[in-house]
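S.K.: whatever this is, show me its structure:
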Amino acid sequence: MLLEVQGHSAYCYGGGKPFNASLPSAVFIHGAQNDHSVWALQSRYFAHHGWNVLAVDLPGHGRSGGPALASVEAMAAWLVALLDAAGVGQALLIGHSMGSLIALEACQQLAGRVIGLAMLGTTYPMKVADALLGMARDDEGSAIDLVNIWSHARAGLLQPQNPLAPLAGVSTMGVARRLMQRMSARNPAQLFHTDFCACNAYANGERAIASLACPVLFIFGSKDSMTPPRSTRALTASVAAVTTMRVLQLDAGHSLMAEQSGTVLDALFGFAGELKTS
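M.R.: Numbers count the residues shown, from 1 in each chain. All right, here's what the predicted structure looks like:
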């Protein structure tokens, strides 16, 4: 589905189903240098099991037009405008990495319209090392290769097929690397650097957390080198102080949706089902 948002086209994958405003809505938000396709399995399942799905391409990513936005706050405002353009009243927000910060910030901007928040591969603050910021600015190809290695469980690096995503003939690392390269080809304006700077600079998390009025699900990877589980303690403690939450830790790296696709789907859909009946 294509919408007009803030003067540019905005693409949302609907999971193979047309938009149906009468159904509850689940919004999937990707991370840095990615697009909606990282949610392929989860978004399609939701769409075929009673949910209206909007798996977005952020501005400057995938099929959405306009330049990449330079702050988490701006991306959250864009998401709010997209939901308004689509006619979505209330929604479940599901975000990965940078997308999780966007979802968190959008909860504050949407003021009560969020029925649930799922944050995957997340932490706050989401600081990025100066060396990686410089590499993303000066040598995006090398940054893509490095981040791709760090984003997958170490057990998979010594074998051509990652045992945590045992789909015959498919390399989860190869798919992820090619997606990031495709994003660079479509938007050569230092997309990775822009995304990383937005994550690094986001400082409104405390206020956004304090405003939470919905249940929260965290899904972490025990082998995540990008947002290590040890870095999430302050975030989860802050959320636990203001709302109900659940934490699930999986045997995976940062690319949870690919390495543990079925387990992630089960957790998200179970969480969503509880929201529908509450």
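
S.K.: residue boundaries of the helices in the stretch 151-278 of the chain?
M.R.: 172-186, 191-201, 205-210, 233-240, 256-259, 261-277 (DSSP state H, counting those that start in this stretch).

S.K.: got those as CSV, with mean neighbour count, distance to residue 137 and mean pLDDT columns?
M.R.: In this view, the C-beta of every residue, glycine as well, is placed from N, C-alpha and C. CSV is the format used below for the helices of the stretch 151-278 of the chain (neighbours: other CB atoms under 10 Å; distance: least, CB to CB, whole Å; pLDDT from 0 to 100):
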stretch, mean neighbour count, distance to residue 137, mean pLDDT
helix 172-186, 18, 13, 93
helix 191-201, 21, 4, 97
helix 205-210, 16, 24, 97
helix 233-240, 15, 27, 97
helix 256-259, 26, 27, 94
helix 261-277, 17, 31, 94
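
S.K.: out of those helices, which gets nearest to residue 59?
M.R.: When the helices of the stretch 151-278 of the chain are compared by CB to CB, helix 191-201 sits nearest residue 59, at 10.2 Å.

S.K.: now the closest one: how far from the chain's centre is it?
M.R.: 14 Å (CA atoms, centre = their mean, to the nearest Å).

S.K.: quick check on the most centrally placed residue in the chain: phi, psi?
M.R.: By CA atoms, centre = their mean, the chain has its centre lying nearest to residue 96, at 2.4 Å. Residue 96 adopts backbone torsions of phi -120, psi 130, taken as degrees, to the nearest 10.

S.K.: now do it against residue 227, distance only.
M.R.: 10 Å (CB to CB, to the nearest Å).

S.K.: shared neighbours of the two, which are they?
M.R.: Residues touching both residue 96 and residue 227 (CB atoms under 8 Å, 6 or more residues apart in numbering): 121-122.

S.K.: so what touches the host helix or strand of residue 40?
M.R.: Using DSSP states H and E, residue 40 sits in helix 40-47. Helix 40-47 is contacted from outside by 13-17, 26, 28, 36, 53, 55, 94, 257, 261-262, 264-265, 268-269, 272, using CB under 8 Å, 6+ apart.

S.K.: residue 92 - that's part of a helix, no?
M.R.: No. Under DSSP: H, G, I helix; E, B strand; the rest coil, residue 92 falls outside any helix and is assigned strand.

S.K.: so it makes contact with residue 24?
M.R.: Yes. In this structure residue 92 lies within contact range of residue 24 using CB atoms under 8 Å: 7.1 Å.

S.K.: neighbour-wise, which of the two wins?
M.R.: Neighbour count, other CB atoms under 10 Å: between residue 92 and residue 24, residue 92 has more, with 25 against 19.

S.K.: measure the more buried one to residue 208 for me?
M.R.: Taking CB to CB, one finds residue 92 at 17 Å from residue 208.

S.K.: from residue 193, how far out is residue 32?
M.R.: Taken as CB to CB, the span from residue 32 to residue 193 is 10 Å.

S.K.: kindly apply the preceding question to residue 105 instead.
M.R.: Residue 105 is 20 Å from residue 193, by CB to CB.

S.K.: cool, residue 203 as well?
M.R.: According to CB to CB, residue 203 and residue 193 sit 19 Å apart.

S.K.: report the buried residues of the helix holding residue 40.
M.R.: Burial within helix 40-47, assessed by neighbour count using 16 or more other CB atoms under 10 Å, is assigned to 40, 42-47.

S.K.: between the residues you listed, which is nearest residue 182?
M.R.: residue 40 (14.5 Å).

S.K.: for residue 69, give me the pLDDT.
M.R.: The score at residue 69 is 97. That number is its pLDDT.

S.K.: which residues touch it?
M.R.: Residues near residue 69 by CB under 8 Å, 6+ apart: 58-60, 75, 78, 194, 198.

S.K.: dump those to CSV, plus secondary structure and distance to residue 66.
M.R.: Output for these, formatted as CSV (DSSP: H, G, I helix; E, B strand; the rest coil; distance: CB to CB, whole Å):
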residue, secondary structure, distance to residue 66
58, coil, 10
59, coil, 4
60, coil, 6
75, helix, 11
78, helix, 9
194, helix, 12
198, helix, 15
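
S.K.: please enumerate the strands of the stretch 1-150 of the chain.
M.R.: 2-5, 8-13, 25-29, 52-56, 91-96, 114-120 (DSSP state E, counting those that start in this stretch).

S.K.: these: which one's closest to residue 66?
M.R.: Comparing these by CB to CB, strand 8-13 comes nearest, at 3.4 Å.
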